[in-house]
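> predicted model, plus sequence, below.
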Amino acid sequence: MAICSLCGFEFEPGGAACAERGCPFAGAGCRTVDCPRCGYAVPDERQSRLARWVRRLFAPAALEAAPRTLADLRPGEDGVIDGIEGDPALAARLTAQGLAPGVTVHLVQRSPSYVIDVGETMLALERRVADVIRVSASTSRARADSSTPTQ
Amino acid sequence: MRTDQRRTGPEPGRTERRVLLVGNPNVGKSALFNALTGLHATVSNYPGTTVEITRGSLNAGDGSTEVVDTPGVNSLLPLSEDERVTWDLVSSARGDPDAVVVQVADAKDLRRALLISLQLGQLQTRTVLILNMSDEAEARGLRTDMEGLSRALGVPVRSTVATRREGIDALRAALPEARVPSNHLPLPDDVAPEIAAILAGRAPLPDPEAPPPFVARYHEALLARAAELAVRFRGAAGADRKAEVSRGAAYSRRLGRLSVHPAWGWPMLLVVLLAVYEVVGVFGAGVLVDLLEDGLFGQHLNPLARAAFGHVPSRFLQDLFVGEYGVVTMGLTYGLAIVLPIVTTFFLVFGALEDSGYLPRLAVMADRSFRVMGLNGKAVLPMVLGLGCDTMATMTTRILSTRKERVLATLLLALGVPCSAQLGVILAMLAAVPLSAGLVWFGTIAAVMVAVGWLGNRLLAGRRGEFVVELPPMRWPLLANVLAKTAARVEWYLKEALPLFVLGTLLLFALDRLDLLSAINRAGQPVVSGLLGLPPQASEAFLIGFLRRDYAATRLFDMARDRGLDTVQLVTAMVTITLFIPCIANVFIIAKERGARTALAIAAFIFPFAFAVGGLVRLAMRSVGLWEIP
């Protein structure tokens, strides 16, 4: 959820809204967040390493307490998948590979690609994919069997 | 109806039975296939596609049971052309009493395997579930209650270690007991009607490139049920997994991690590249080529052939087979003595790399740099295979998820990735010139690839697919598997390449006979001599370059030895011929995979472009004054 800095409108950045307005950059190579109400555009913070680093500098505790996507996890941390957003094609592929709500993922590393352990599967994925996998912090520090759904 | 047709077939009383091997990728399906079948496996294209299917017949049977190895899938609802083939094959087994699906599962990863088992239940195919690699599962302390699972699913469950041929007899004995998996899967209300419609044939399969949202929700529902079953029959084991991992598994895990490590990944990559170079470049292109070309062909076979044809009264026939453009002395010598050893050693190494699980890790390391060219790390697989054979690699571009990526990868393969045959010739040419010349050649090709990829990325419509790659555990490749794969690839290569070598030689021979060769050399003079600064005879080399560019490179190599080209000429010639389309077979495969228009467009772009880049490089080298004797 983003809040427009100009008119204060709350909206979901990217995705269908951009395509509907017929923006030629929708989905490919777009680096801005455009407010659907007033059209005000700002550079997309999530795509900037520098901006993320600055964010973390100012609110390290808040970020650590509540990872929101796989991309927010630190190497060595576990998270439980809440859902997969975005493109249905990508979601179809990821779910076929065993990523589904309730499943525990373990982040191994973030560079040169994100590498995660999901049960017995090890997956490498780029940041763009890590961004669409919503996770919440794993309840216990010890690694539970990842195929166990959380009740 | 189906069975009636079969019973009235040519051999009454002997029904043709089928066993379909279905399962996730990397679960040892091929190893199980090898264990189940004899030596005589046939590889053929699935009708209407270029997806290859391996078939064999069941060992120790009466020879009437066919075993089919299907492409690995994570879900039976297809998300790519390969997976579509698996869907078609499994669908054809529905309601066929003579067909059995053997689902091969990784015993360690029950949850993902059960996703497919549940789908087989919905498709109503007779199934046997095989937990393969059960030794690895046991080493991790993962034990499955197979009887319980068998009762819950209603199908026989057996465990195997296919690589050691354990459990194969039990599997064979279980085939007649195959049952339709019980199907008590409650699907969400918005998913159930869609799936039911597809299963009943009332709705088409979802578009693999743009599946509707219900596909993901369908998978989620299946996974939830699969996880339930996995927990029930395996327990929440693995909590203390680290302690139970065997030494070998721990070692493989560590190696697997290091190979994608942000720092250690690079030295490992270097070691792998060096090993490939030692085997292919030094041993294959050096030792073996010397042995075969100078030794076997130069000293024994060719003199023998000349002697034999010396008794043939016709001068024409003598020239045709053993003359300057002779089928034996030129065509077969190039094809068998120079190309064959290089291609064979390359495919050996590539097969070993494939089976070791290193290639997906290479994709991880390459991902960032490939994004510049509008591709993702996955494209490294066709690119590396292209170093063996570009035509084969063009077929592999199917693993890329969008059309744009497939076109880009096809173009870059055709343009700049030298196949092992050509690479061997180029390495030989490089040995004769200063190291800096090799660097200029390599730098030019690399720069051209990046520039064309970068531009293509901007000009072509469409988007890049997301990079998601499964990293299988690192394993020691099995010699038998690697050798069998290499044999299949070499055979394929020979069938594609040797006829073209002979055809090219015949073409040159005919042109020479008809006195057209000198006319062609004169006609090509403005470009070949004017633009590239090469002797006019180089025209004939470029002419056969339209058939195979490595053949042309070999011709240029001969010319350099005979006529003494200087370094600038040599580099110009190498750059131009490297940028040519690999071979005529490649054009056909591009047309088949990407459409005739794309093939035509790629060819129309590449040939003028190759000469233009050659001319530019020459101009640049001359104006800087590289390698000029003061």
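Here it is on my side, so go on. Residues are numbered from 1 along each chain as shown, chains lettered A, B, ... in the order given.

> what segments of the stretch 101-250 of chain B are strands?
B:127-132, B:157-159 (DSSP state E, counting those that start in this stretch).

> elements contacting the longest helix along chain B?
Scanning chain B for the longest helix, with DSSP state H as the assignment, gives helix B:479-513. Applying 3 or more CB pairs under 8 Å, 6 or more residues apart in numbering or on different chains; DSSP states H and E, one finds that helix B:479-513 contacts helix B:29-36, helix B:315-322, helix B:340-356, helix B:390-396, helix B:517-523, helix B:538-545, helix B:549-563, helix B:584-594. In this view, the C-beta of every residue, glycine as well, is placed from N, C-alpha and C.

> just the helices in chain A please.
A:16-20, A:49-58, A:60-65, A:88-96, A:127-130.

> buried set for the longest helix of chain B?
Across helix B:479-513, burial judged by 16 or more other CB atoms under 10 Å in any protein chain shown covers B:481-482, B:484-486, B:488-490, B:492-494, B:496-498, B:500-505, B:507-509, B:511-512.

> I'd like the helices of chain A as a markdown table, with distance to B:Met559 and mean pLDDT appended.
A markdown table is the format used below for the helices of chain A (distance: least, CB to CB, whole Å; pLDDT from 0 to 100):
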| stretch | distance to B:Met559 | mean pLDDT |
| --- | --- | --- |
| helix A:16-20 | 56 | 67 |
| helix A:49-58 | 52 | 80 |
| helix A:60-65 | 65 | 55 |
| helix A:88-96 | 51 | 92 |
| helix A:127-130 | 50 | 92 |
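
> looking at the chain, which helix or strand is least sure?
Because you didn't say which chain, this covers chain A. Lowest mean confidence among the helices and strands of chain A (mean pLDDT, DSSP states H and E): helix A:60-65, at a mean of 55.

> could you do chain B instead?
For chain B, counting by mean pLDDT, DSSP H and E, that's helix B:2-7 with a mean of 38.

> any idea of the angle the helix or strand just after that helix forms with helix B:29-36?
Downstream of helix B:2-7, the next assigned helix or strand under DSSP states H and E is strand B:17-23. For strand B:17-23 against helix B:29-36, the angle by axes from the mean of the first three to the mean of the last three CA atoms, to 10 degrees is 150 degrees.

> off-centre distance for strand B:17-23?
Strand B:17-23 sits 23 Å away from the centroid of its parent chain (CA atoms, centre = their mean, to the nearest Å).

> partners of it in the sheet?
Strand B:17-23 sits in its sheet next to strand B:65-69 (parallel), strand B:99-106 (parallel), going by DSSP bridges.

> need the residues that contact the first one.
Put plainly, it is strand B:65-69. Under the criterion CB atoms under 8 Å, 6 or more residues apart in numbering or on different chains, residues B:16-21, B:29-30, B:33, B:36-37, B:53-58, B:89 lie in contact with strand B:65-69.

> and what of the longest one?
Contact partners of strand B:99-106, identified using CB under 8 Å, 6+ apart, comprise A:120, B:17-24, B:26-29, B:32, B:90, B:92-93, B:112-114, B:116-117, B:120, B:125-133, B:171, B:175, B:178.

> just the buried members of those?
A:120, B:17-24, B:26-29, B:32, B:90, B:93, B:112-114, B:116-117, B:120, B:125-133, B:171, B:175, B:178.

> for residue 129, which non-adjacent residue is closest in space?
I'll assume chain A. B:Glu466 (4.9 Å; CB to CB, 6 or more residues apart in numbering or on different chains).

> you looked at the wrong chain, it should be chain B
Excluding its sequence neighbours, the residue lying closest to B:Leu129 (CB to CB, 6+ apart) is B:Val157, at 4.7 Å.

> what about B:Asp319, neighbour count?
Residue neighbour count, defined by other CB atoms under 10 Å in any protein chain shown, stands at 17 for B:Asp319.

> ok, it touching B:Phe509?
Yes: B:Asp319 is within contact range of B:Phe509, at 7.2 Å (criterion: CB atoms under 8 Å).

> overlap in contacts of those two?
Counting by CB under 8 Å, 6+ apart, the contacts common to B:Asp319 and B:Phe509 are B:325-326.

> residues in contact with the most centrally placed residue in chain A?
With distances taken as CA atoms, centre = their mean, A:Asp131 lies nearest the centre of chain A, 2.2 Å away. Applying CB under 8 Å, 6+ apart, one finds that A:Asp131 lies in contact with A:46, A:69-71.

> of those residues - the most surrounded one?
Across those, neighbour numbers were computed from other CB under 10 Å; A:Leu70 holds the maximum, 24 neighbours.

> per-residue pLDDT, that one?
The model reports A:Leu70 with a pLDDT of 92.

> one step back: the residue nearest to A:Val129 should be in a helix, yeah?
No: checked against DSSP: H, G, I helix; E, B strand; the rest coil, B:Glu466 lies outside a helix; its state is coil.

> shouldn't it be in contact with A:Gly86?
No: with contact defined as CB under 8 Å, B:Glu466 does not count as touching A:Gly86 (9.3 Å).

> give me the more crowded residue out of these two.
Higher neighbour count among B:Glu466 and A:Gly86: B:Glu466, with 21 against 18, using other CB under 10 Å.

> tell me the residues of the stretch 351-500 of chain B that contact chain A?
Contacts of the stretch 351-500 of chain B with chain A, taken as CB under 8 Å from any CB of the partner chain, map to B:360-361, B:363-365, B:367-368, B:376-377, B:401, B:462-464, B:466-473.

> just the buried residues out of those, in ChimeraX syntax.
The buried residues among those can be selected in ChimeraX (16+ other CB under 10 Å) with this line:
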select /B:360,361,363,364,365,367,376,377,401,462,463,464,466,467,468,469,470,471,472,473
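
> which of the residues of the stretch 351-500 of chain B next to chain A fall within helices?
Filtering those for helices - DSSP H - leaves B:360-361, B:363-365, B:367-368.

> returning to that earlier point: using TSV, lay out the helices and strands packed on helix B:479-513 together with mean pLDDT.
Putting those into TSV (pLDDT from 0 to 100) gives the following:
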stretch	mean pLDDT
helix B:29-36	88
helix B:315-322	83
helix B:340-356	90
helix B:390-396	88
helix B:517-523	84
helix B:538-545	86
helix B:549-563	81
helix B:584-594	87
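
> want to throw those helices into JSON lines with distance to B:Pro97?
Formatted as JSON lines, the helices and strands packed on helix B:479-513 follow (distance: least, CB to CB, whole Å):
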{"stretch": "helix B:29-36", "distance to B:Pro97": "20"}
{"stretch": "helix B:315-322", "distance to B:Pro97": "57"}
{"stretch": "helix B:340-356", "distance to B:Pro97": "36"}
{"stretch": "helix B:390-396", "distance to B:Pro97": "35"}
{"stretch": "helix B:517-523", "distance to B:Pro97": "64"}
{"stretch": "helix B:538-545", "distance to B:Pro97": "56"}
{"stretch": "helix B:549-563", "distance to B:Pro97": "52"}
{"stretch": "helix B:584-594", "distance to B:Pro97": "36"}
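
> which among these is found nearest to B:Glu138?
B:Glu138 sits nearest to helix B:29-36 of all those, at 17.5 Å, using CB to CB.

> and the closest one, what does it pack against?
Judged by 3+ CB pairs under 8 Å, 6+ apart, helix B:29-36 is in contact with strand B:17-23, strand B:52-57, strand B:65-69, strand B:99-106, strand B:127-132, helix B:168-174, helix B:479-513.

> go again with 6 Å.
Applying 3 or more CB pairs under 6 Å, 6 or more residues apart in numbering or on different chains; DSSP states H and E, we find helix B:29-36 packed against strand B:17-23, strand B:65-69.

> give me the angle between it and helix B:340-356.
Per the same axes, to 10 degrees, the angle that helix B:29-36 makes with helix B:340-356 is 100 degrees.

> now what about helix B:29-36, what contacts it?
Contact with helix B:29-36 is made by B:21, B:23, B:67, B:69, B:104, B:162-163, B:165, B:168, as judged by CB atoms under 6 Å, 6 or more residues apart in numbering or on different chains.

> buried ones among these?
B:21, B:23, B:67, B:69, B:104, B:162-163, B:168.
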